[in-house]
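Chemist: I would like to see how this sequence folds:
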Amino acid sequence: MNCLCMGIVFGEYLLSILSFGGLTVSLAAILIVAERLLVNYGTCKLDINAGQKPLEVPGGQTLLASLYASQIFIPSACGGKGSCGHCKITVTAGGGPVLPTETAYLSRKEMRSNVRLACQVKIREDIYVRIPEDMLNVRMFTSTLESIKDLTHDIKQIRLALNDPAEISHRPGQYVQVQAPSSDGPVFRAYSISSPTYESNVVELVVRLVPGGIGSTYLHNLQVGQAVSFTGPYGEFVLNDDPSVEIVCVGGGCGMAPMKNIIYTLYHRWPERSCWLFFGCRTVRDVFYLGQFQELAGKHSNFHVVYALSDKLGEDEDWDGETGFIHLAADKHLEPNVRRQAFLCGPPPMIEAVTRVLEEKGIGSQDIFYDEF
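Modeler: Numbers count the residues shown, from 1 in each chain. Coordinates of the predicted model:
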């Protein structure tokens, strides 16, 4: 077969594939539109926590959308597209079978326990769900940008003065979800609260600019006085109330936010409590809050501050702190077999390396809380 014939055959083959693909997409779109126009599921009952919060919602929409419309704000970073896996809740009945779009985000144990992605469950009948009490207390807040300050070349400190509600009650280490505009409509992005719990009328964030990031680009370009909406608080960090338990905080980059909250809350309540802060940076220009924490350590003798730089020092860089990865600094300074609770925030490789060190030091997995980003 000559080249011309082969080209014609290949072209016909490619055209067939494209035609079939286009037909499949068109058919799927027609089915979605048909369901919306022709299928009426009526009003369905949405039962939360065995009658604790019974609702009536229009059938046909997703569980996540129905909950948001009812002012119940389940965490979701992808806007309900099924790509983040954050909107997990327990559906005891009425949710239908687990969809292929959910399985990548659910463990076998979660599926056996009826955990589902709220954004993928469509309400077609009465549905029964279980939602943790903390999540039912999440609110939508309106605020005004009070100040914005450069911490490094790509990290800003953002302080939001609360308007409605005027105060927030949160645990150290929790986070909020900021509503940011996008071409597809409003989306939510999660940021840890860096302000201590006793500053109840302000929410402070530490935000690194992610190239192309919707939330960070929006926040980095805010002007003082602009309105910002967010939901919260979220998160499972729970600080041990026993003052004899030493606290270990390990972070890197914008993983500083929950650490700052934990440390200042800790020393406001327990001035003599023992705490270690290990913070990893790449270079000298990535260091921030060091002087502030050293000042705090001067007031509290049991507070220990260790920063480490992972990149090789430049000839003109002056640094007398630790070098290397932050888990090595933790391994060097922490004595074994001390009653501790640890809070980690940073990239997954850092979390894994630090967790191994902490477990070798005798800290049980139940006492290690972490947030990956």
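Chemist: for His220, give its distance to Met350.
Modeler: 24 Å (CB to CB, to the nearest Å). Every C-beta, even on glycine, is put in place using the N, C-alpha and C of the backbone.
Chemist: for Trp270, that is, sorry about that
Modeler: Distance from Trp270 to Met350, by CB to CB: 27 Å.
Chemist: which of the two has more residues huddled nearby?
Modeler: Set side by side, Trp270 and Met350 show more neighbours around Met350, with 23 against 17, by other CB atoms under 10 Å.
Chemist: residues in contact with that one?
Modeler: Taking CB atoms under 8 Å, 6 or more residues apart in numbering as the criterion, Met350 is in contact with Val250, Gly252, Gly280, Phe325, Ile326, His327, Leu344.
Chemist: ditto for Leu219
Modeler: Leu219 touches Lys156, Ile158, Val178, Ala180, Tyr191, Leu205, Val207, Val228, counting by CB under 8 Å, 6+ apart.
Chemist: pull the most distant pair out of these.
Modeler: Farthest-apart pair in these is Lys156 and Ala180; separation 14.6 Å (CB to CB).
Chemist: which SSE is Ala65 in?
Modeler: Using DSSP states H and E, the element containing Ala65 is helix 63-69.
Chemist: what residues of whichever helix or strand comes after that helix count as buried?
Modeler: Per DSSP H and E, the first helix or strand lying C-terminal to helix 63-69 is strand 88-93. Along strand 88-93, the positions that meet the burial threshold by neighbour count (16 or more other CB atoms under 10 Å) are Lys88, Ile89, Thr90, Val91.
Chemist: dig out what the second one forms beta bridges with.
Modeler: When you say that, I think you mean Ile89. Ile89 has the following beta-bridge partners by DSSP bridges: Arg116.
Chemist: ok, it to Pro233 distance?
Modeler: For Ile89, the distance to Pro233 (CB to CB) stands at 17 Å.
Chemist: one more: the last one?
Modeler: Val91 sits at a distance of 24 Å from Pro233 (criterion: CB to CB).
Chemist: list the buried residues in stretch 189-199.
Modeler: Across stretch 189-199, burial judged by 16+ other CB under 10 Å covers Arg189, Ala190, Tyr191, Ser192, Ile193, Ser194, Ser195, Pro196, Thr197, Glu199.
Chemist: packing partners of the helix or strand where the second one lies?
Modeler: Following DSSP H and E, the helix or strand that holds Ala190 is strand 187-192. In terms of contacts (3 or more CB pairs under 8 Å, 6 or more residues apart in numbering; DSSP states H and E), strand 187-192 is packed against strand 175-180, strand 202-208, helix 214-220, strand 227-234, helix 256-269.
Chemist: mind putting the ones you listed in JSON lines, distance to Pro132 included?
Modeler: Shown next, in JSON lines, are the helices and strands packed on strand 187-192 (distance: least, CB to CB, whole Å):
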{"stretch": "strand 175-180", "distance to Pro132": "15"}
{"stretch": "strand 202-208", "distance to Pro132": "21"}
{"stretch": "helix 214-220", "distance to Pro132": "24"}
{"stretch": "strand 227-234", "distance to Pro132": "10"}
{"stretch": "helix 256-269", "distance to Pro132": "19"}
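Chemist: these: which one's closest to His333?
Modeler: Closest approach to His333 among the helices and strands packed on strand 187-192 (CB to CB): helix 256-269, 15.9 Å.
Chemist: where does pLDDT dip in the protein?
Modeler: Filtered on pLDDT under 70, the chain yields the residue ranges 1-39, 315.
Chemist: for the residue nearest the centre of it, give me its contacts.
Modeler: Centroid check for the chain by CA atoms, centre = their mean gives Ala190 as the closest residue, at 4.4 Å. When contacts are counted by CB under 8 Å, 6+ apart, Ala190 is found next to Pro75, Ala77, His86, Tyr175, Val176, Gln177, Val178, Tyr234.
Chemist: my guess is the last one contacts Leu136. True?
Modeler: Put plainly, it is Tyr234. No: counting by CB atoms under 8 Å, Leu136 is not a contact partner of Tyr234; they are 12.0 Å apart.
Chemist: which stretches of the stretch 1-150 of the chain form strands?
Modeler: Along the stretch 1-150 of the chain, counting by DSSP state E, counting those that start in this stretch, strands occupy 43-48, 53-58, 88-93, 115-117, 127-130, 139-150.
Chemist: make CSV out of the ones you listed and add distance to Arg171.
Modeler: What follows is those, written out as CSV (distance: least, CB to CB, whole Å):
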stretch, distance to Arg171
strand 43-48, 23
strand 53-58, 22
strand 88-93, 20
strand 115-117, 23
strand 127-130, 21
strand 139-150, 15
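Chemist: indicate which one of those is closest to Asp241.
Modeler: strand 139-150 (24.8 Å).
Chemist: show me this structure divided up by domain.
Modeler: Per the record, the chain has its domains at 43-135, 138-234, 246-372, by automatic domain parsing.
Chemist: out of the ones you listed, flag the one nearest Asn240.
Modeler: Closest to Asn240 of the domains of the chain is domain 246-372 (CB to CB; 4.6 Å).
Chemist: now do that closest one: distance to the chain's middle.
Modeler: Here the centre of domain 246-372 is set off from its chain's centre by 20 Å, with CA atoms, centre = their mean, to the nearest Å.
Chemist: for it, measure first residue to last.
Modeler: Counting by CA to CA, to the nearest Å, you get 22 Å between the two ends of domain 246-372.
Chemist: one more: stretch 114-129?
Modeler: Note: stretch 114-129 ends 9 Å apart using CA to CA.
Chemist: which element follows the helix or strand hosting Gln292 toward the C-terminus?
Modeler: Per DSSP H and E: Gln292 is located in helix 290-299. Using DSSP H and E, the helix or strand that directly follows helix 290-299 along the chain is strand 303-309.
Chemist: what pairs with the next helix or strand after that next one, and is each one parallel or antiparallel?
Modeler: Heading C-terminal from strand 303-309, the first helix or strand you meet, by DSSP H and E, is strand 322-323. Paired neighbours of strand 322-323 in the sheet (DSSP bridges): strand 303-309 (parallel).
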